[in-house]
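Trainee: next input, structure requested:
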Amino acid sequence: MSNIILTKVKAGDLELKEKVVAINRVVKTTKGGRAFSFSALVVVGNEAGVVGHGLGKAKEVQEAITKGIEDAKKNLIKVPVMHGTIPHEQLTKEGAAKVLIKPAAQGTGVIAGGSMRAVLESAGITDVLAKNLGSANPHNVVKATVKALASLREPIAVAKTRNVSLKKVFNG
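Mentor: Next up, the predicted model:
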């Protein structure tokens, strides 16, 4: 078990934007036939260092998305973003999904695939290199990405640990 401290953020005073990452149609076979329902994986963020993810399940797609947004608002975390990138490299695993995120130079853009891209853009990260090294299951990839972002240290703490200036942390 890792010592990850999640900093919770209240959604009441934030302007959050939501992105639907995945919608699954779930079928339950009953003696009366098939019962269809939907599950929606949603990522919300203010594009300024706050991000969260949620899962909603309902009989209708729109209702599942709404439930997912409400769940995501309950799981918000604060991400240390400086100059549009992250302070240091991070490798995290969730289930069979392994996620590697690295800081990138300004102007690089978000180099990431599907569900990782949604999380990183919602967090307000504009320059990052990211790679999914394991399973492509969107649920686990989103969870691993959020876990990686949550375990990032503040840039000032990184500079103190390395005994270098804050400017040098981001310029290599």
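
Trainee: the helices in this structure, which residues?
Mentor: Using DSSP state H, the helices of the chain run over 61-74, 114-122, 138-150, 155-162, 166-171.

Trainee: Lys17: which of the ones you listed is closest?
Mentor: Among the helices of the chain, the nearest to Lys17 by Cβ to Cβ is helix 114-122 (6.8 Å). To be clear about C-beta, it is placed using only N, CA and C from the backbone, and glycine gets the same treatment.

Trainee: where does the protein dip in pLDDT?
Mentor: Scanning the chain for pLDDT under 70 picks out 1-13, 169-172.

Trainee: quick one: the strands in it?
Mentor: 17-30, 33-45, 50-58, 77-78, 90-94, 97-103, 110-111, 128-132 (DSSP state E).

Trainee: list the buried residues of the first one.
Mentor: I take that to be strand 17-30. Residues of strand 17-30 classed as buried: Glu18, Lys19, Val20, Val21, Ala22 (neighbour count, 16 or more other Cβ atoms under 10 Å).

Trainee: from those residues, pick the one nearest Ser122.
Mentor: Using Cβ to Cβ, Lys19 is the member of those that lies nearest Ser122, at 6.0 Å.

Trainee: verify the stated contact: the closest one with Arg117.
Mentor: No - if you go by Cβ atoms under 8 Å, Lys19 and Arg117 don't touch, sitting 9.2 Å apart.

Trainee: now the helices of the chain as TSV including distance to Phe38?
Mentor: Output for the helices of the chain, formatted as TSV (distance: least, Cβ to Cβ, whole Å):
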stretch	distance to Phe38
helix 61-74	4
helix 114-122	17
helix 138-150	14
helix 155-162	40
helix 166-171	42
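
Trainee: next, format these as CSV and append distance to Glu47 and mean neighbour count.
Mentor: Shown next, in CSV, are the helices of the chain (distance: least, Cβ to Cβ, whole Å; neighbours: other Cβ atoms under 10 Å):
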stretch, distance to Glu47, mean neighbour count
helix 61-74, 14, 18
helix 114-122, 7, 24
helix 138-150, 13, 23
helix 155-162, 19, 15
helix 166-171, 20, 14
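
Trainee: out of those, which comes closest to Pro80?
Mentor: Across the helices of the chain, Pro80 has its closest neighbour in helix 155-162 (6.0 Å, Cβ to Cβ).

Trainee: just want the angle from the closest one to strand 97-103.
Mentor: Here helix 155-162 runs at an angle of 80 degrees relative to strand 97-103 (axes from the mean of the first three to the mean of the last three Cα atoms, to 10 degrees).

Trainee: counting contacts, what elements does helix 155-162 pack onto?
Mentor: Applying 3 or more Cβ pairs under 8 Å, 6 or more residues apart in numbering; DSSP states H and E, one finds that helix 155-162 contacts helix 166-171.
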